[in-house]
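Give me coordinates for this.
(2 chains)
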There are 2 protein chains.
Amino acid sequence: MTDPVSRPLAGIRVVEFASFVAGPSSGMALAQLGAEVIRVDPIGGNADYRRWPLSEATGASLYWTSLNRGKKSVSLDLRSERGRDLLLALATAPGPDAGIVVDNAVGRRWFSYEALTARRADVIAVRVEGRADGSAAVDYTVHGDAGVASMTGPADTDRPVNHVLPAWDLLCGQEVVTSVLAALRRRDRTGQGSHVQIALSDVAQAAVANLGWYSEAAERGPRARHGNHMYGAFGVDFAAADGGRVMVVVLTPRQWAAVGAATGTVDVFVALEASLGADLQTDEGRYAHRDVIEAVLKPWFAQRTSAQVADELTAAGVLWGPYRTTADVASDFVADPSGRPVLTSLDQPGIGAVISAHAPTRWESSYSGTSPAVELGSDTDRVLSEVLGLGGDEIAALRADGVVG
Amino acid sequence: MTDPVSRPLAGIRVVEFASFVAGPSSGMALAQLGAEVIRVDPIGGNADYRRWPLSEATGASLYWTSLNRGKKSVSLDLRSERGRDLLLALATAPGPDAGIVVDNAVGRRWFSYEALTARRADVIAVRVEGRADGSAAVDYTVHGDAGVASMTGPADTDRPVNHVLPAWDLLCGQEVVTSVLAALRRRDRTGQGSHVQIALSDVAQAAVANLGWYSEAAERGPRARHGNHMYGAFGVDFAAADGGRVMVVVLTPRQWAAVGAATGTVDVFVALEASLGADLQTDEGRYAHRDVIEAVLKPWFAQRTSAQVADELTAAGVLWGPYRTTADVASDFVADPSGRPVLTSLDQPGIGAVISAHAPTRWESSYSGTSPAVELGSDTDRVLSEVLGLGGDEIAALRADGVVG
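This next block holds a predicted model:
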């Protein structure tokens, strides 16, 4: 009965019928904690199967294989009645730790909550949507609508700056995981199933509201863009002599003292406080005078290499981090894997060696959750046999009819 | 035994000893699902208590009150032995659904996992860290290090562009929720407690790895910046005649046909395909020729008001979204709350009416999870009485000694 420490969700079975980032990232997180996650795709793959980036060497999607690690893969002809019936049967299979489905199948009536509950009354169904009214939206269309793109980027631009990270998709995926586990806890206790819907647009707006930003704007209008500066505190990037950059952040008096000590600017700021009539010992004072603080500190960085900057900031206890490109991160990892411990090298079938990641949570001090993605459809027969009890002849007949991949 | 549908976590008690975004957002998500979340702060508040944005009207933090809704608040003198003892006692209180603590108390030996297990062997302790090696980091320092800032922003800039949204903090917070629920499930089944650590730096790098971006960079170097364009598909922003902007995204053949139909450019693109020798029916083709597609479409937007653009794109079935500032979102909500259904108006003690949000998950078609933040320390007496069984005299003595707030 004791699960290995890193597999607290062992025994749970989740059927995932979703694509792109939000749903699949939730399934992967569940799989990384030990759940059996069965991703079901149409034969030949869903719309995300060839999504960029692709491996230059083999043409396979680095995106799909990265977001679907550790899952089983079943492929079915979902335009056929029999294929749909098999998916519904998998999603509603019996067992206290089964009958859980994550999807983004908005508008597919044959896969509605009612269709699921008709087969299993206590099913747990979590659906990712675009907008709560049922209309379509993706990360890249809800981002601007939530107000964040208009706050991002250089102070001297009027054009919104899109994020590159699909932050809302990723956040939504984790909220799906929460929903699955909360619903399962309730079902364990009460026998009650759950119908959970989560719209990307709501994920974005709730998160921004939870930072107080809409209330702020309602009181005083839109916040002025502030480029790479942090809001309401001191934090900005600096360039070293060799072109490397670092982000320096000050959130406490001790961190501010460390910046002064590292850069030899304590007396300058004392004199500036007197001359400006400012209190640079507070977040507010440092934010108000962020431009002059930046200007005073800038030469110190410009006179040192990135390595010197790193050593001296660290020695002084400054809160800072380097800027790296994704290629830098990859070469950092190859040069010294221990410096980026969450990353790991993985032999991905269809691609070869890739830079992958453990789950970010360490359980009892250990990383875990590292398995490659299997090839599309490669668990079809075994899952149909184990979960639905189909015999070899039945599966062969389904294959002959093109119902299974 | 049946919980209200929107409170699947009713009965669980979590002690939160954390500040800023990651830990507190996890506690709020748990509270929104019905858990009893007791946030413990030093008397006078933690380092995040006055974090911007502040209410112009009252000076209270819109940030703190937004991120700490629905929780109980206890304040203790955590420099004193007795205050620390009370926090440890709360975190390790008995009961099958208690003994769960979320913190970011890196480096505080008196609150170590060992100190917790000494009092309750099966405690569930989830700790948010900066880096996995114990060094300090915050969202704004791990962002550049993960490689995302170097990919963000206009194609013609060399300077990294910081995100404004603390995406890693928010994502980390939800991963904390997952950890709590997974650990609780395991403890329910096996009696085993859990020690979970999660570093912001690992959250960021794992997420980027999960999109395949480090493997991509290892194969072919850093991805060129592409401004507001989506990567590997067609998606970019357009300005309407009145200065409003929209994001248009094409991920399917149907969406591409809709763009052509809405803008009357079908024949132009047919002719361009012949002239360029390009296949604009694929993501790859549209991405490769994104600049010319943008240039062809641009005048259509520039000749229409935002309202016309919205109507015509929607009528044609184009996947699009508007750009709004946070002030626009606030006024949208005031003008028509039904258009932004996850948002809600709330009477926040100490501030007044604020724009707040439900939890983004709808359970059985209903939003829930909307309560204001209580004033700092306002549940101290009741919690000490109910959870630890302290009598009125004992609490009065602690207060006289300055141990409780």
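
Skip the chain neighbours and tell me the closest residue to residue A:148.
Excluding the flanking residues, the one nearest residue A:148 by CB to CB, 6 or more residues apart in numbering or on different chains is residue B:165, at 5.1 Å. Where you see a C-beta, it was placed from the backbone N, CA and C, and this is true even at glycine.

per-residue confidence for the one you found?
We have a pLDDT of 97 for residue B:165.

Could you do residue A:54 as well?
Looking at residue A:54, the pLDDT reads 96.

residue contacts, the residue nearest to residue A:148?
Contact analysis of residue B:165 by CB atoms under 8 Å, 6 or more residues apart in numbering or on different chains lists A:148, A:152, A:163, A:167, A:207-208.

repeat for residue A:30
By CB under 8 Å, 6+ apart, residue A:30 lies in contact with A:9, A:12, A:14, A:37, A:177, A:180.

Tabulate these (TSV), appending distance to chain B, neighbour count and secondary structure.
Below are the contacts of residue A:30 laid out as TSV (distance: CB to the nearest CB, whole Å; neighbours: other CB atoms under 10 Å in any protein chain shown; DSSP: H, G, I helix; E, B strand; the rest coil):
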residue	distance to chain B	neighbour count	secondary structure
A:9	5	26	coil
A:12	8	23	coil
A:14	13	28	strand
A:37	14	27	strand
A:177	5	27	helix
A:180	9	28	helix
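
and which of those is nearest residue A:284?
Each of the contacts of residue A:30 was checked against residue A:284 using CB to CB; the closest is residue A:177, at 37.8 Å.

what's the closest non-adjacent residue to residue A:194?
The shortest distance from residue A:194 to any non-neighbouring residue, by CB to CB, 6+ apart, is to residue A:183 (3.6 Å).

Looks like the one you found contacts residue A:122 (just checking).
No - counting by CB atoms under 8 Å, residue A:183 does not reach residue A:122; the two are 9.8 Å apart.

Can you report how many residues neighbour whichever residue of the stretch 251-400 of chain A sits closest to chain B?
Among the residues of the stretch 251-400 of chain A, residue A:321 lies closest to chain B, at 3.0 Å counting by CB to the nearest CB. Residues lying near residue A:321 (other CB atoms under 10 Å in any protein chain shown) number 28.

Just confirm it is within a strand.
Yes - checked against DSSP: H, G, I helix; E, B strand; the rest coil, residue A:321 lies within a strand.

pretty sure it contacts residue A:247?
Yes - assessed by CB under 8 Å, residue A:321 is found in contact with residue A:247 at 5.1 Å.

what's the overlap in contacts for these two?
B:140-141, B:143-144.

Those in helices, which ones?
Among the shared contacts of residue A:321 and residue A:247, the ones falling in helices (DSSP state H) are B:140-141, B:143-144.

and of those residues, the nearest to residue A:61?
So of those, ranked by how close each gets to residue A:61 (CB to CB), first place is residue B:143, at 25.3 Å.

in which helix or strand would I find the residue minimising distance to the centre of chain A?
Nearest residue to the geometric centre of chain A (CA atoms, centre = their mean): residue A:170, 3.0 Å. Using DSSP states H and E, residue A:170 sits within helix A:167-190.

right, and the helix or strand after that helix?
Helices and strands here follow DSSP H and E; after helix A:167-190, the next one along the chain is strand A:194-199.

Let's see that following strand as CSV, backbone CA atoms only.
The C-alpha trace of strand A:194-199 is given here as CSV (Å, rounded to 0.1, in the frame of the first residue of the first chain):
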residue,chain,number,x,y,z
SER,A,194,-17.9,16.8,-10.6
HIS,A,195,-18.4,18.9,-13.6
VAL,A,196,-15.6,21.5,-13.8
GLN,A,197,-15.1,24.0,-16.5
ILE,A,198,-12.2,26.4,-16.7
ALA,A,199,-11.9,29.1,-19.3
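
that older thread, now do the helix holding residue A:170 and strand A:194-199, the angle between them.
Relative orientation of helix A:167-190 versus strand A:194-199 (axes from the mean of the first three to the mean of the last three CA atoms, to 10 degrees): 170 degrees.

hmm, stretch A:101-114 touching chain B?
No - Stretch A:101-114 stays clear of chain B (CB under 8 Å from any CB of the partner chain), getting no nearer than 9.5 Å.

What pLDDT does the model give residue A:5?
Note on residue A:5: pLDDT of 55.

that older thread, in JSON lines, list the contacts of residue A:30 along with pLDDT and distance to residue A:237.
What follows is the contacts of residue A:30, written out as JSON lines (pLDDT from 0 to 100; distance: CB to CB, whole Å):
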{"residue": "A:9", "pLDDT": "97", "distance to residue A:237": "40"}
{"residue": "A:12", "pLDDT": "98", "distance to residue A:237": "43"}
{"residue": "A:14", "pLDDT": "98", "distance to residue A:237": "41"}
{"residue": "A:37", "pLDDT": "98", "distance to residue A:237": "39"}
{"residue": "A:177", "pLDDT": "98", "distance to residue A:237": "33"}
{"residue": "A:180", "pLDDT": "98", "distance to residue A:237": "39"}
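
Sort out which residues of stretch A:263-279 are buried, please.
A:263, A:265, A:269, A:272, A:278 (16 or more other CB atoms under 10 Å in any protein chain shown).

Farthest-apart pair in those, please.
Across the buried residues of stretch A:263-279 (CB to CB), the longest gap, 18.3 Å, separates A:263 and A:278.

I figured residue A:109 was touching residue A:84, is that so?
No - at 10.6 Å, residue A:109 does not count as touching residue A:84 under the criterion of CB under 8 Å.

More neighbours: those two, which one.
Using other CB under 10 Å as the criterion, residue A:109 and residue A:84 rank with residue A:84 on top: 18 against 8.

So that one versus residue A:21, what's the distance?
Distance, residue A:84 to residue A:21, using CB to CB, to the nearest Å: 25 Å.

quick revisit: residues touching the residue nearest to residue A:194, list them.
Residue A:183 makes contacts with A:100, A:124, A:126, A:193-194, A:196, B:8, as judged by CB under 8 Å, 6+ apart.

of these, closest to residue B:53?
Closest approach to residue B:53 among those (CB to CB): residue A:196, at 31.1 Å.

Relative to residue A:183, how far out is the closest one?
For residue A:196, the distance to residue A:183 - CB to CB - is 6 Å.

and the stretch 251-400 of chain A, which of its residues are near chain B?
A:251-252, A:283-284, A:287, A:319-331, A:333-334, A:340-343, A:351, A:354-365.

Restricted to buried residues, select the residues you listed in PyMOL.
In PyMOL syntax, the buried subset of those is picked out as below (16+ other CB under 10 Å):
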select buried, chain A and resi 251+283+284+287+319+320+321+322+323+324+325+326+327+328+329+330+331+333+340+341+342+343+351+354+355+356+357+358+359+360+361+362+363
